[in-house]
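*Asks:* have a look at this fold, sequence not included:
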């Protein structure tokens, strides 16, 4: 009998992979589920981006393997983008590594730096892939719990007194997913100082900084950050290119050289027309971001209405393409509320517990659905809320 490797022990199928199969089964049974769970942009990229892909794809000389470091055109565009929007100077030749989506970069980083028994600090709540990538690389995830009353920031003073001798990496993600918390420059400065003191490489995952956020911020903008920080970024959210799989890693030359030693053994470069189209996307100006955010802003108001109907509480200043909300005391946890809405109203919202134990009392709603679907979701939920109120009054 063939058995799976030990590295898969404790690694389950990704929650959304499993849940999407269930939703597909419910749809086949005629339920017509409205999916407000996943943050996959439903809007297309800018027409000029698609035009570049079309024009470049028909050329006969673009179909060969590409450089493991990506096209110079794309790397230069990434460097210019960082300089324009974040005020961060990067050498496109040595301090940028294009990725086939930033999710693969999480795995590349863990495989590059973690040995058996090494530890990595993981946010709770946070993106589940951080923990699973650490485990797959042979490391041990060590959760640091964050709280709403601390602005969903790690308590660095409390972490500093722990035994961190085995910790090599610390995963952070701001604007924070799932809570939508915006980072402050002072927090970023403290984080860099902490990493320097404890000799930890901070891995900052930064794909949400342009969504409903007027002040995009890179951790690399802190003076001296390149000594202790690498940053992942992505075109999936801000450029509506999730399925195109284009991301980037930015950091010191030494870190890029180390990570490419692993990455170059795992994949080859992206299709050149995709890279050239991505470069075009990074050239888009403020009008592009404003137009996308105008749509998300209207959708967010509808999600606020939906959450108020469910008696949830939430911060209206959060950013990103989700709304994070605390559930009412009527429910044991976010799973209970999510299940009720799914099975009674045919609307799927994400239980906060999938992001860690600190998320158990919350739910997350995606903004990646058109206003018509959000309005329909409100109408469906209104009916079950009304039925529940009638039952309580009996």
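*Replies:* That came through, no problem. All figures in this text were calculated on a predicted structure; none of them were measured in a lab.
*Asks:* for the rest of this, base every contact and every neighbour count on C-alpha atoms.
*Replies:* Noted.
*Asks:* what distance do you get for the closest residue in space to residue 238 that isn't next to it in sequence to residue 285?
*Replies:* Leaving aside its chain neighbours, residue 238 sits nearest to residue 210 (5.9 Å; criterion: CA to CA, 6 or more residues apart in numbering). Note on residue 210: its distance to residue 285, by CA to CA, to the nearest Å, is 12 Å.
*Asks:* more crowded one of these two?
*Replies:* residue 210 (23 against 10; other CA atoms under 10 Å).
*Asks:* what residues does that one make contact with?
*Replies:* Residue 210 makes contact with 216, 238, 289, 320, according to CA atoms under 8 Å, 6 or more residues apart in numbering.
*Asks:* most surrounded residue in these?
*Replies:* residue 320 (28 neighbours).
*Asks:* for that one, which three-state class applies?
*Replies:* Secondary structure for residue 320, judged by DSSP: H, G, I helix; E, B strand; the rest coil, is coil.
*Asks:* my guess is it contacts residue 207, does it?
*Replies:* No. Shown here, residue 320 and residue 207 do not form a contact pair, counting by CA atoms under 8 Å, at 9.1 Å.
*Asks:* can you pull the residues that touch both of those two?
*Replies:* If you check residue 320 and residue 207 against CA under 8 Å, 6+ apart, no residue is contacted by both.
*Asks:* now the helices for this protein?
*Replies:* Ranges of helices within the chain are 15-28, 47-57, 72-86, 102-113, 128-136, 156-160, 185-198, 253-263, 272-282, 286-309, 334-345, 371-393, based on DSSP state H.
*Asks:* in JSON lines: these, plus mean pLDDT.
*Replies:* Listed next are the helices of the chain as JSON lines, based on pLDDT from 0 to 100:
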{"stretch": "helix 15-28", "mean pLDDT": "83"}
{"stretch": "helix 47-57", "mean pLDDT": "97"}
{"stretch": "helix 72-86", "mean pLDDT": "98"}
{"stretch": "helix 102-113", "mean pLDDT": "95"}
{"stretch": "helix 128-136", "mean pLDDT": "94"}
{"stretch": "helix 156-160", "mean pLDDT": "96"}
{"stretch": "helix 185-198", "mean pLDDT": "97"}
{"stretch": "helix 253-263", "mean pLDDT": "96"}
{"stretch": "helix 272-282", "mean pLDDT": "98"}
{"stretch": "helix 286-309", "mean pLDDT": "97"}
{"stretch": "helix 334-345", "mean pLDDT": "94"}
{"stretch": "helix 371-393", "mean pLDDT": "80"}
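*Asks:* between these, which gets nearest to residue 361?
*Replies:* Residue 361 lies closest, by CA to CA, to one member of these: helix 334-345, at 5.4 Å.
*Asks:* does anything pack onto the closest one? Which helices or strands?
*Replies:* strand 347-348, strand 350-351, strand 362-366, helix 371-393 (3 or more CA pairs under 8 Å, 6 or more residues apart in numbering; DSSP states H and E).
*Asks:* measure residue 11 to residue 5 for me?
*Replies:* Using CA to CA, we find residue 11 at a distance of 11 Å from residue 5.
*Asks:* should've said residue 302
*Replies:* Here the criterion is CA to CA. By it, residue 302 lies 46 Å from residue 5.
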